[in-house]
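A.B. asks: return atomic coordinates for the entry below.
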Amino acid sequence: QVQLVESGGGLVQPGGSLRLSCAASGFTFRNYAMNWYRQAPGKERELVATISSVGGSTSYADSVKGRFTISRDNAKNTVYLQMNSLKPEDTAVYFCKATSVLRQIWGQGTLVTVSS
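C.D. replies: Residues are numbered from 1 along each chain as shown. So this is what the prediction gives:
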């Protein structure tokens, strides 16, 4: 079964940190670039971070640059998003996505709430 399962979301205070994980199964993970997206209430889904299939290239939205880090472990079929210095405006459902030339695979999302 092809799937992506996110975990690690929760409630955190402003200035705090969280690490999201996305575990892949049912497909050849190392052949896919991986993305993290987020969708805040009432807003469109936005791209947060991208990492290439072998992990040598990353990119970030300006809103998270310097605070978030995307990484992957191809041996564990997992991609991570380390989020530091969190702000209330980072509150959203975070989704991972696997991307290849042929298809895209989405996870179900994990909720991150930044609030005091």
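A.B. asks: just say helix, strand or coil for R30.
C.D. replies: Secondary structure assignment for R30 (DSSP: H, G, I helix; E, B strand; the rest coil): helix.
A.B. asks: for the residue nearest the centre of the chain, what are its contacts?
C.D. replies: Centroid-nearest residue in the chain: W36, 3.1 Å away (criterion: Cα atoms, centre = their mean). Each residue near W36 by Cβ atoms under 8 Å, 6 or more residues apart in numbering is listed here: 20, 22, 47-50, 70, 79, 81, 94-97. For glycine as for every other residue, the C-beta is placed from the backbone atoms N, C-alpha and C.
A.B. asks: pretty sure G15 contacts P88?
C.D. replies: No: assessed by Cβ atoms under 8 Å, G15 is found out of contact with P88, at 10.5 Å.
A.B. asks: and for L4, the neighbour number?
C.D. replies: Counted with other Cβ atoms under 10 Å, the neighbours of L4 add up to 25.
A.B. asks: for it, name its beta-bridge partners.
C.D. replies: Under the criterion DSSP bridges, L4 forms beta bridges with A24.
A.B. asks: so it sits right up against I105, yeah?
C.D. replies: Yes: look at L4 against I105 with Cβ under 8 Å: they come within range, at 5.8 Å.
A.B. asks: just the strands in the chain please.
C.D. replies: 3-7, 10-12, 18-25, 33-39, 46-51, 58-60, 68-73, 78-83, 92-99, 104-106, 110-114 (DSSP state E).
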